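> need a 3D model of the following:
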Amino acid sequence: MNIKGIYSVNQGEREIFVTNLAHVYDEVRSIIFETQIYLKPETHANGVGGIKEALRDKFLEKGWTPEILIANPAYSSGGTKIDFSKRLHNGFGIAVETQFGYESRIQDDFSRLQEAIVRKEFNVGIVIVPMHEISQYLTDRVATFEAAIRMYTKAILPLTVIFVLY
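Below is the predicted model:
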């Protein structure tokens, strides 16, 4: 996969470098570049499960922790899960959400990342979403880069970075 664009909310990329997380950030980028997916260039011909699975395999291969629970009493389960995360020995870390589901799920991802950052469990949140032009080939009405930007421009924390896949 490729990274077609990056949108940094309130200087989120700057925070990566200030907290010495640049090599972890580079690792996320390399995971995206190393993940191979094949899409039929036909409208609604490709499921999203294969994309998420391919990314999951790469994150696990690189030693990322899957599905870490972020405590939140507002949830009946006691919390919510972040897709992938990595912390350094100094406690700094990055949380990653991959969103290839419905567009309305972007807000859920955003809320999880904000909660994790507010609770100081992570310093930076990254959301990986497809570009609108690739979404036409996916079966679901998926979240897109453009929709994510509309939602994230209201962010108050300077810690979210969005990658766009193509």
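> Met131 and Ser30, how far apart?
Separation of Met131 from Ser30 (Cβ to Cβ, to the nearest Å): 19 Å. C-beta here means a position set from N, CA and C on the backbone, and glycine is covered the same way.
> let me see the ranges of the strands in the protein.
3-9, 65-71, 79-87, 93-98, 124-130, 160-165 (DSSP state E).
> looking at those, which is nearest to Lys58?
With Cβ to Cβ as the criterion, Lys58 lies closest to strand 79-87 of these, at 9.7 Å.
> what does the closest one rub up against?
24, 27, 56, 59, 63-72, 93-98, 111-113, 115-116, 122 (Cβ atoms under 8 Å, 6 or more residues apart in numbering).
> and Gln99, how many neighbours?
24 (other Cβ atoms under 10 Å).
> show me what contacts the residue lying closest to it once chain neighbours are set aside?
Once flanking residues are discounted, Gln99 sits nearest to Ala143: 4.4 Å by Cβ to Cβ, 6 or more residues apart in numbering. Applying Cβ under 8 Å, 6+ apart, we find Ala143 in contact with 99-103, 105-106, 129-130.
> any of those residues buried? List them.
99-101, 103, 105-106, 129-130 (16 or more other Cβ atoms under 10 Å).
> state the phi and psi torsions of the residue nearest to Gln99.
Dihedral pair for Ala143: phi -60, psi 150, per degrees, to the nearest 10.
> and it, how far from Ser135?
8 Å.
> who does the residue nearest the centre of the chain bridge with?
By Cα atoms, centre = their mean, the chain has its centre lying nearest to Val127, at 2.3 Å. The bridge-partner assignment for Val127, based on DSSP bridges, gives Glu97, Ile162.
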